[in-house]
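Visitor: one predicted model, sequence on top.
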Amino acid sequence: MVSSAEKKLIVIQLSGGNDALNTVIPYNDGNYYDNRPQVHIDPNKALKLDGELAMNPSMGAIKRLWDEGKVAIVNGIGYPDPNRSHFRSMDIWHTAEPTKVLTEGWIGKTIRELDPKGDNVLGGINFGRGLPRAMSCPGVPVASVGNLDTYGLFPSVSEAKDRNDILNVFSQMYGGKEGRDAVSEFLSQTGEDAMIGADVLREAPEKYSSSVEYASNPLANSLKDAARVMFANVGTRFFYTQHGSFDTHGGELPVHSKLWNDVSSSIGDFMDDVREHGHADSTAILIFSEFGRRIKDNGSGTDHGSGGVAFLIGDSVKGGMYGRYPSLKESDQLNGDMHANNDFRSLYTNILEDWFQVDSVPIVNGTFEKFEIFE
Amino acid sequence: MVTVGNVTEGRSLMAHLIRRTGFGATQSELDRLEKLDYNKVVDQLLNPTESNHLSDDLVFRYHTEVHEQRGGPWSAKQWLYRMVTTETPIVEKMALFWHGIFATGYAKTNQARALSVQIDMFRRFGLGKFDVLLEELSKDPAMIIWLDNQDNHSGAINENFGREILELFSMGIGNYTEEDIKECSRAFTGWTLKNAEYMSVRAMKDSIWPYGRISWHYEYRDEDHDHGEKTFLGETGNFNGSDIVSIISKQRATATFISRHLYDFFVADEVPVPQWPYTPPRDPEAIETLADAYMSNGHDLTEVLRVLLKSDFFKDSCYERIKCPAEYVAGCLRVSNSIIKPTMLMNEAVNVMEYMGQTLLNPPSVEGWHEGTEWINSGSIVERVNFAYEVWRNSGSLEVKDITARLSVSGDLRPEEAVQSCLKFMGPLELTEDSARNAIVDHVSKKGPIKFGDCTGEMMADAEERVAEILALIAASKEYQRA
């Protein structure tokens, strides 16, 4: 039994709006082929999950995990009154609030809940650059790692000795305990946090060894970085990364297939790695996208729609289908889109309450019926 | 020319003035300015005429994505070029000021062209009479979509704009009633976008195809305007939007609210805006002075700024603000004189600004950015330090060459002399702790004194390298995070 303090979540954001219909495919539904004369998946190649649904043929590794019962698929996920702007819809997922515009992210708020004093400067790490809104919350230290091997201050200084010298100067410049005012002290504290975080992270690659050879794509690189940090046991609870662009308005089939091949193969490798290192029971992977795409294709791709699919993957996950697959019948559509019937905040609530054991209400801004996806 | 190691008070004050009204000054700009009378310089600044800058069509030639106005980040690049190369930086600074208050974002408008047009409107009206600016804002197409005024109809009001124009754009919470919001919204019915439905559908699709971003235009539809009598802030009449703007603009609450914003942006960081109703200003007297200037000069913002920039509270406010990412990034590039023509460096600069927490043309919400210390977290500080270090570490930049030439005048320099002089060139900055300066000096000392030889060839190139490193280390300091 894994204690809740060890549990970690990997979040993989599919940026651009993943076409849910060509991800988990209703391969026996005539409406699918009627609406997608050009942009559909050959039913003979799709990876069958049951009598009605199949995965995209490029999701081989995820299908293998599905067969092991480690993949939960949440169908028809979204929120009321869908917004088809990438940015706004992404913000809604990040802040767990579809009507008001909020600035604090759900993960940032969770980290504050788990570590109120901010003792661990590495409670959440984004692999990529910048800070996703989901992790942003005043006073919550977070790190953003573009490339673990060069992460930190002064990456442009290539000689290790020179860099150490300069870091030494930096630590003197920010080390002063008696600032001339509160702002100066705050800058010192933040600079020190950043240095401590960078120092800890720098050791992670040295400690790492694994028999797993990761696929070669940006997401695989990020997940390998996440694995290296995870196995160094520095107390990180949230590992965030994104892949894309899934904004397949044109030429969808080859692009979408390549993207899912990237996602699937990197997740397969990552799962092999966490299993090899004994972290499999304490690791869950969440995959989401800001929205799905329209039911009808536009001749070569699909436009922004609503209603999507999310995945929760891990050895502590009860695999299977969650939520009803939205009907494609014209009368059941929402302005030509799939009608979402599962609120994403129900999924967050499940993760917060049952995985991290924190009160979800202030984080998702309300009470939502939760899924029961974890063992 | 000023002698190294002896920065005059005038030079230091000019540097402060240009940091606040622009993005910082180079040494040769300061040479020119310090000979002039401070009040005259302020008057000149407030009368910006020649806005020479790297022309947009030259930028477009290198950045086709900017030309197509594909999205917010690309138009932000165009603005950053302007900030870095303009000869009237105060115009861009005012545009940035209003962008932070009238915060309109790509997230909802999906229209980079309309956002650029709005920034241009701030350039034209940002230093004028507040009434005019507020009316232009109410007619601004990006603002109309941002706050849903196209859905504000006679008999079926949408209060979004009517509320925010009072709460966020003029008086601040606590100075009006819910009833005033409704009456204000009624007065702005019919203020809409030409062909609004089609335009918002197109924006919703977030596509530049097939004809690129379409220009948006304001339209007043008299038949959709509520012509009934309205009572607003105690006055009754058959008010239209312009009447509401006049009533708002003459309120003392508006004078105070805008003054506090000006103080926050040009003088010293205030607490975040949502706390203003509960926390008194840092300097209540200063706010009163500015509000008086607003009331007695016909709401002319240039006159308010004139009072502000000539005041003692302004002159005494050195380094009382955390630089926002736009000031920080534009400042590094501008003062180091790194951008002569369009360059790929700008792509990185715009991205880095976003990593630091400020995506120009896409503020997180209508409340704009939370500023001051909220710019600083353990992620953003890494980005700030790395960016500034890299820009200043480039010994090829014109300002590094100029500073090295200035240093060479007094012959070879001991490390402590070189560091001391560079601190003066970079601000002048004083590091809070002696240990910080000593750390830089110790580091520089490892390679001995800085030698200039006959100021040519390899010897000089080596000196430029050494000076660039000192400047870069100073740029990495916590003091450099402040303006």
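Guide: Received it, and whenever you're ready, just let me know what you need.
Visitor: kindly report the residues of the stretch 1-150 of chain A close to chain B.
Guide: Neighbours of chain B within the stretch 1-150 of chain A, by C-beta under 8 Å from any C-beta of the partner chain: A:84-88, A:91, A:101-103, A:121, A:126, A:129-131, A:133, A:138, A:140-144. No exception for glycine: its C-beta is placed from N, CA and C like everyone else's.
Visitor: make it 7 Å
Guide: A:84-88, A:91, A:101, A:103, A:121, A:129-131, A:138, A:141-144 (C-beta under 7 Å from any C-beta of the partner chain).
Visitor: where in the chain is pLDDT low?
Guide: As the question left the chain open, I've gone with chain A. Flagging of chain A using pLDDT under 70 yields the residue ranges A:1, A:177-179.
Visitor: should've been chain B
Guide: B:1-6, B:203-212.
Visitor: for A:Leu187, see how far away the closest residue to B:Cys318 other than its chain neighbours is.
Guide: Once flanking residues are discounted, B:Cys318 sits nearest to B:His16: 5.2 Å by C-beta to C-beta, 6 or more residues apart in numbering or on different chains. Applying C-beta to C-beta, to the nearest Å, the value for B:His16 to A:Leu187 is 19 Å.
Visitor: with A:Val74 instead?
Guide: Applying C-beta to C-beta, the value for A:Val74 to A:Leu187 is 43 Å.
Visitor: with B:Asn240 instead?
Guide: Counting by C-beta to C-beta, the gap from B:Asn240 to A:Leu187 is 50 Å.
Visitor: of these two, who's got more company?
Guide: A:Leu187 (25 against 20; other C-beta atoms under 10 Å in any protein chain shown).
Visitor: for that one, give me its contacts.
Guide: A:Tyr174, B:Ile376, B:Lys478, B:Gln481 (C-beta atoms under 7 Å, 6 or more residues apart in numbering or on different chains).
Visitor: re earlier: the residue nearest to B:Cys318: neighbour count?
Guide: Using other C-beta under 10 Å: B:His16 sits among 21 other residues.
Visitor: can you confirm it is in a helix?
Guide: Yes: counting by DSSP: H, G, I helix; E, B strand; the rest coil, B:His16 falls inside a helix.
Visitor: looking at it, it is touching B:Asp316, isn't it?
Guide: No: judged on C-beta atoms under 7 Å, B:His16 makes no contact with B:Asp316 at a distance of 9.7 Å.
Visitor: what sits against residue 24?
Guide: Answering for chain A, as no chain was given. Counted by C-beta under 7 Å, 6+ apart, A:Val24 has contacts A:Leu53, A:Met55, A:Ile73, A:Asn75, A:Val309.
Visitor: nope, chain B please
Guide: B:Gly24 neighbours (C-beta under 7 Å, 6+ apart): B:Ile18, B:Gly331, B:Arg334, B:Val335.
Visitor: checking B:Val419 next. Helix, strand or coil?
Guide: B:Val419 is classified as helix under three-state DSSP.
Visitor: if we can go back for a sec, closest to B:Val419 out of the contacts of A:Val24?
Guide: B:Val419 has its nearest neighbour among these in A:Val309, at 58.7 Å by C-beta to C-beta.
Visitor: where do the strands sit along the chain?
Guide: Because you didn't say which chain, this covers chain A. Secondary structure of chain A by DSSP state E: the strands cover A:8-15, A:24-26, A:47-48, A:53-55, A:71-78, A:124-127, A:143-145, A:238-244, A:283-289, A:308-313, A:320-322, A:342-343.
Visitor: please go with chain B instead
Guide: B:191-193, B:218-220, B:230-232, B:235-237.
Visitor: for chain A, which of the ones you listed is the nearest?
Guide: Closest approach to chain A among the strands of chain B (C-beta to the nearest C-beta): strand B:191-193, 16.8 Å.
Visitor: for the closest one, which outside residues touch it?
Guide: With C-beta under 7 Å, 6+ apart as the criterion, strand B:191-193 contacts B:138-139, B:141, B:144-145, B:149-150, B:199, B:216, B:218-221, B:241.
Visitor: now, these that are in helices?
Guide: If you go by DSSP state H, those have B:Ser138, B:Pro141, B:Ile144, B:Ile145, B:Met199, B:Gly241 in helices.
Visitor: what sits against the residue lying farthest from the centre of chain A?
Guide: Residue farthest from the centre of chain A, counting by C-alpha atoms, centre = their mean, is A:Arg180 at 41.3 Å. With contacts defined as C-beta under 7 Å, 6+ apart, the neighbours of A:Arg180 are B:Thr432.
Visitor: give me the buried entries from the contacts of strand B:191-193.
Guide: Listed as buried from the contacts of strand B:191-193 are B:Ser138, B:Lys139, B:Pro141, B:Ile144, B:Ile145, B:Asn149, B:Gln150, B:Met199, B:Trp216, B:Glu219, B:Gly241; burial here means 16 or more other C-beta atoms under 10 Å in any protein chain shown.
Visitor: hmm, the first one is touching B:Asp243, no?
Guide: No: contact criterion C-beta under 7 Å: B:Ser138 and B:Asp243 do not qualify, at 11.6 Å.
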